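*Asks:* sequence plus the predicted model coming up.
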Amino acid sequence: DTEVTQTPKHLVMGMTNKKSLKCEQHMGHRAMYWYKQKAKKPPELMFVYSYEKLSINESVPSRFSPECPNSSLLNLHLHALQPEDSALYLCASSQDPRGGKAKNIQYFGAGTRLSVL
Amino acid sequence: AQTVTQSQPEMSVQEAETVTLSCTYDTSESDYYLFWYKQPPSRQMILVIRQEAYKQQNATENRFSVNFQKAAKSFSLKISDSQLGDAAMYFCAYRSGLGGSTLGRLYFGRGTQLTVWP
């Protein structure tokens, strides 16, 4: 089983709303990633959690707030977003973030398509 | 940071024919991994094939194979007997083998949009 589940699939929100994206995996992976992807562009890394600790923040605006409550779950809390934040948000996980020589493949969820009005 | 270059924004192929997608990368590391991911219209990123830099043998997964030229820093993907379901955006990606602070981050190329004609 290499499944990463993201909910919701689609989300429309106003600029004053607060919403959350959810990502779940049950593969025992200890690294989890958030990416933002605009149409016809590659994914851009936003955050990396390693063993439930935030390890990489790619200078993401504070209106995006990640949370990793446990090793299986990753949330992305959204507040006061801008229309330019409309994008596909992808979650991924991999087995061991520290193991360079391991077959550390990232498995992706299907994404949440976010529209900010 | 490592850079990954896909010089073909778009490619097309006739069903049942063979197509090759190009990827080059720039790194000073000797230990790394290379990947091809496929993203169909559903936008799900699907791993197609991977290659460990320390392996000389080119990776193969059914109709998908790679031509890995380490000295030339080239990693092309060959799709044989193309099918309509192969139509997608294909991303080449690099990951350092160092582990540690790199935390398995992927560096992506800009992608190649593959169209398959019936």
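*Replies:* Received, thanks. The structure presented is a predicted model; accordingly, all values stated were derived computationally and were not measured.
*Asks:* please make it C-alpha for all contacts and neighbour counts, starting now.
*Replies:* Will do.
*Asks:* pLDDT (mean, whole number) over stretch B:87-104?
*Replies:* What stretch B:87-104 shows for mean pLDDT is 84.
*Asks:* centroid residue for chain B?
*Replies:* Closest residue to the average C-alpha location of chain B: residue B:36 at 2.9 Å, with C-alpha atoms, centre = their mean.
*Asks:* if that one is in a bridge, with which residues?
*Replies:* residue B:49, residue B:92 (DSSP bridges).
*Asks:* so it touches residue B:51, yeah?
*Replies:* No: Residue B:36 is beyond contact range of residue B:51, at 9.0 Å (criterion: C-alpha atoms under 8 Å).
*Asks:* which residues are contacting stretch B:95-110?
*Replies:* Identification of contacts with stretch B:95-110 by C-alpha atoms under 8 Å, 6 or more residues apart in numbering or on different chains yields A:31, A:41-43, A:48, A:50, A:94, A:97-101, A:104, B:2-6, B:9, B:23, B:29, B:31-34, B:91-94.
*Asks:* just the buried ones from those?
*Replies:* A:31, A:42-43, A:48, A:50, A:94, A:97-100, A:104, B:4-6, B:23, B:32-34, B:91-94 (16 or more other C-alpha atoms under 10 Å in any protein chain shown).
*Asks:* please name every helix or strand in contact with the lowest-mean-pLDDT helix or strand in chain A.
*Replies:* The weakest-scoring helix or strand in chain A, judged by mean pLDDT, DSSP states H and E, is strand A:53-57 (a mean of 91). Contacting strand A:53-57 under the criterion 3 or more C-alpha pairs under 8 Å, 6 or more residues apart in numbering or on different chains; DSSP states H and E are the following elements: strand A:44-50.
*Asks:* ok, the spatially most central residue of chain A to residue A:108 distance?
*Replies:* Centroid check for chain A by C-alpha atoms, centre = their mean gives residue A:34 as the closest residue, at 2.6 Å. Using C-alpha to C-alpha, to the nearest Å, residue A:34 is found at 10 Å from residue A:108.
*Asks:* list the residues that contact both of those two?
*Replies:* With C-alpha under 8 Å, 6+ apart, residue A:34 and residue A:108 have common neighbours A:90, A:91, A:92.
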